[in-house]
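>>> Dropping the sequence and predicted coords here.
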Amino acid sequence: MPQQTMYPAAVNSLQTELAAAVDATQTTIAVADASLLPAAPNLAVIGSDETAETILYTGKSGNSLTGITRGFQGTAKGWSAGIKVARYFTAYDHDTFRGNIQDLGARMDATESALPLRSISRQAIINGGFDVAQRGVSVTQNGGSFGPENAYGYGLDRWIGQVYAGVGGTGTASFTMSQQQFAAGQTAVPGNPKYFGRLSVVALGNKGTSSGFIRFSQFIESVYTFAGQKCTASFWAKSSSARQIAVSLHQYYGDGGSASPAVSCPGGRTINLTTSWQFFTITFDVPSIAGKTLGTNKNDYLGLYFIPYKQDDSVVSIPSGEVGTFATGDFDFAQVQLCAGDVALPFQPRSFAEELALCQRYFEKSYNYDVLPGSAVPEGSIHLLASDNANTKFVIPTVGFSVKKRITPTITIYDTAGNIGKITTRDVSDNPTHNVTPSIGATNVGTSAFKVKHQGAVAGISFQWTADSEL
């Protein structure tokens, strides 16, 4: 059934009184001081015993209540001047609370039973509990390839950050994205989560004239996701000081060819963070993609954006205008979920193995899970050793991925001393020589495997690798 209207209460139920006598049919009633009653629409009770009459008023004009429904509860009748009028707690309030709660429970039960945890409709966010951190538990991104004033890149798996000083901005921007651990047994965020994610805005540069932007985001593969439907984001959040941020959902049609312009989904709004954990739910109306054109580069997505600052509408137009403060600070998020429909379902964590596999569709490494890419370690490396090194030969190890990649990935190789773009060669006694440039390098790269070719008088080669097919 549809949710019933719930009307705001009044602290201490302050009383006014009828300014003049009324009959049983009047729909405009004068009171001594209408400011003591809540803003319209709302309920008020005339009288105070078993004969009291509850009315619904839809407007206020000076000290008159207007647009009244008489006998909303109780019986409409005449009342004399001086009778008390107040916003008491009514039977309607109780029955509506109870009915709405029961309705929400039934709708959540029905939705949960219809949507298994593995369904994208149940949870479209990957790593919403921030358990997976293949790139490291703390990743710093400084302004670089996009300009010193624009720090942009991935940190915790599937989560991307940005600090951009904007058009005409100067200086250097920087942020750190980190995996933070909850204290054991804490109760501020329910469900005994182990981790939360933190975006630390470290440096801003000097703000330019337009397009300044700070965000903590996830790009959900395919702009088809929830298209033409409602979906609901739910999450816990706090910040290092009281801050306003925007929460937005963004349809990006990709690039290449004649892709349609990106669209901000109706429903995006601002929220106010404090230094304590708060729970938020936001429902979005995702536009249809009928008549839209996708880019040819296969990088379209539905993006969930947490935005500590936006200077204007150049990237996100809902909510509109400038939002937040262009300032450093920490922004913490936990149990982030995006599900189909207009009801926020309870957060249900996946197993670590399942979450890791979902992340590896976009990023995978040869190193042991807790070892950073680029570390000087042999563990986990590809190691191919032949019988001799007397003759010049091709050494061509084939590497298979644990999970098929979203698109053909970018392969980065490291020797076992941590040198990027290099390999370690080995003689027949397995003695290493580091910092060797492979004669050909990564080749035959596909979504399931790749090869590294090296030609030389060597017995074998060793190397570590990462495969990146992020959006």
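Sure, I can see it.
>>> measure I461 to D430 for me?
Here the criterion is C-beta to C-beta, to the nearest Å. By it, I461 lies 11 Å from D430. For glycine as for every other residue, the C-beta is placed from the backbone atoms N, C-alpha and C.
>>> Pull the number of nearby residues for the closest residue to D313 other than its chain neighbours.
In space, and not counting its chain neighbours, D313 is closest to S320: 5.7 Å by C-beta to C-beta, 6 or more residues apart in numbering. A count of nearby residues for S320, using other C-beta atoms under 10 Å, gives 13.
>>> May I have the phi/psi pair for S320?
When read as degrees, to the nearest 10, the backbone of S320 gives phi -90, psi 160.
>>> Which pLDDT value belongs to it?
You'll see S320 listed with a pLDDT of 97.
>>> Touching, it and S314? I think so.
No. Using C-beta atoms under 8 Å, S320 makes no contact with S314, being 11.5 Å away.
>>> residue closest to the middle of this structure?
L304 (4.6 Å; C-alpha atoms, centre = their mean).
>>> State the paired neighbours of whichever strand or helix holds that residue in the sheet, together with their directions.
Assigned by DSSP states H and E, L304 belongs to strand 301-310. Paired with strand 301-310 in the same sheet, following DSSP bridges, are strand 213-221 (antiparallel), strand 243-252 (antiparallel), strand 323-324 (antiparallel).
>>> For it, buried residues please.
For strand 301-310, the neighbour count (16 or more other C-beta atoms under 10 Å) marks Y301, L302, G303, L304, Y305, F306, I307, P308, Y309, K310 as buried.
>>> isn't the fifth one right next to R215, touching?
In this case it means Y305. Yes. Between Y305 and R215 there is a contact at 5.0 Å, judged by C-beta under 8 Å.
>>> re earlier: what are the neighbouring residues in contact with the nearest residue to the residue nearest to the centre of the chain once chain neighbours are set aside?
Distance criterion C-beta to C-beta, 6+ apart; nearest residue to L304, sequence neighbours excluded, is Q218 at 5.3 Å. Contacts of Q218 were listed using C-beta atoms under 8 Å, 6 or more residues apart in numbering, and they are I125, I126, R158, W159, I160, G303, L304, V336.
>>> and the gap between the fifth one and T176?
This points to I160. From I160 to T176 the distance is 13 Å (C-beta to C-beta).
>>> All the helices of the stretch 1-150 of the chain, in order from the start?
91-114 (DSSP state H, counting those that start in this stretch).
>>> Hmm, I typed the wrong one, I wanted the stretch 351-471 of the chain.
352-360.
>>> returning to that earlier point: compare I461 and D430 and say which is more crowded by neighbours.
I461 (28 against 11).
>>> With adjacent residues omitted, what lies nearest to G205?
Once flanking residues are discounted, G205 sits nearest to G171: 3.2 Å by C-beta to C-beta, 6+ apart.
>>> Who are the packing partners of whichever strand or helix holds the one you found?
Using DSSP H and E, G171 sits within strand 170-181. Under the contact criterion of 3 or more C-beta pairs under 8 Å, 6 or more residues apart in numbering; DSSP states H and E, strand 170-181 touches strand 138-142, strand 150-154, strand 160-164, strand 195-206.
>>> for that strand, which positions count as buried?
Residues of strand 170-181 classed as buried: T172, A173, S174, F175, T176, M177, S178, Q179 (neighbour count, 16+ other C-beta under 10 Å).
>>> And stretch 274-289, by the same measure?
Buried, per 16+ other C-beta under 10 Å, within stretch 274-289: W277, F280, I282, T283, F284, V286, P287, I289.
>>> So which of these are in strands?
F280, I282, T283, F284 (DSSP state E).
>>> Could you list the domains of the chain?
The chain breaks down into these domains under automatic domain parsing: 11-91, 138-355, 365-468.
>>> Mean confidence (pLDDT) on the last one, please.
I take that to be domain 365-468. Averaging pLDDT along domain 365-468 yields 91.
>>> Look up the residues forming beta bridges with F235.
F280.
>>> What is the burial count for it?
A count of neighbours around F235, defined by other C-beta under 10 Å, yields 24.
>>> Could you do N150 as well?
22.
>>> and it, what is it in contact with?
G143, Q162, V163, Y164, A165, G169, A173.
>>> redo that, cut-off 7 Å
G143, Y164, A173 (C-beta atoms under 7 Å, 6 or more residues apart in numbering).
>>> Please tell me I have it right and the first one contacts T172.
In this case it means G143. Yes. Contact status for G143 versus T172: in contact at 5.0 Å, counting by C-beta atoms under 7 Å.
>>> what do those two both touch?
E149.
>>> if we can go back for a sec, what's the separation between the residue nearest to G205 and V263?
32 Å.
>>> cool, and T293?
The value you get for T293 to V263, if C-beta to C-beta is used, is 13 Å.
>>> which of those two has more neighbours?
V263 (18 against 13).
>>> where does that one land on pLDDT?
Taking V263 on its own, its pLDDT is 97.
>>> Next, it: phi, psi?
Dihedral angles for V263 - degrees, to the nearest 10 - are phi -130, psi 130.
>>> Test of understanding: give the bridge partners of it.
Beta-bridge partners, per DSSP bridges, of V263: Q251.
>>> same question, L199
Beta-bridge partners, per DSSP bridges, of L199: M177, F331.
>>> Counting neighbours, what do you get for it?
L199, neighbours per other C-beta under 10 Å, totals 27.
>>> wait, it sits on F216?
Yes. Between L199 and F216 there is a contact under C-beta under 7 Å: 4.2 Å.
>>> so what sits against both of those two?
Joint contacts of L199 and F216 (C-beta under 7 Å, 6+ apart) are G161, F331.
>>> Quick check: R158 touching I126?
Yes. Using C-beta under 7 Å, R158 is in contact with I126, at 4.6 Å.
>>> From V189, how far out is the nearest residue in space to S121 that is not next to it in sequence?
In space, and not counting its chain neighbours, S121 is closest to A340: 4.0 Å by C-beta to C-beta, 6+ apart. According to C-beta to C-beta, A340 stands 24 Å off from V189.
>>> Same question for C359.
From C359 to V189 the distance is 22 Å (C-beta to C-beta).
>>> now swap in P373 and tell me
Plainly put, P373 is 30 Å away from V189 if you go by C-beta to C-beta.
>>> Same check on T437?
Taking C-beta to C-beta, one finds T437 at 49 Å from V189.
>>> just the ones in strands among the buried residues of stretch 274-289 now: which is nearest A30?
T283 (40.2 Å; C-beta to C-beta).
>>> from memory the closest one sits against G267, does it?
Yes. Contact criterion C-beta under 7 Å: T283 and G267 qualify, at 5.5 Å.
>>> Show me the shaky parts of the stretch 51-200 of the chain.
For the stretch 51-200 of the chain, the stretches flagged by pLDDT under 70 are 108-118.
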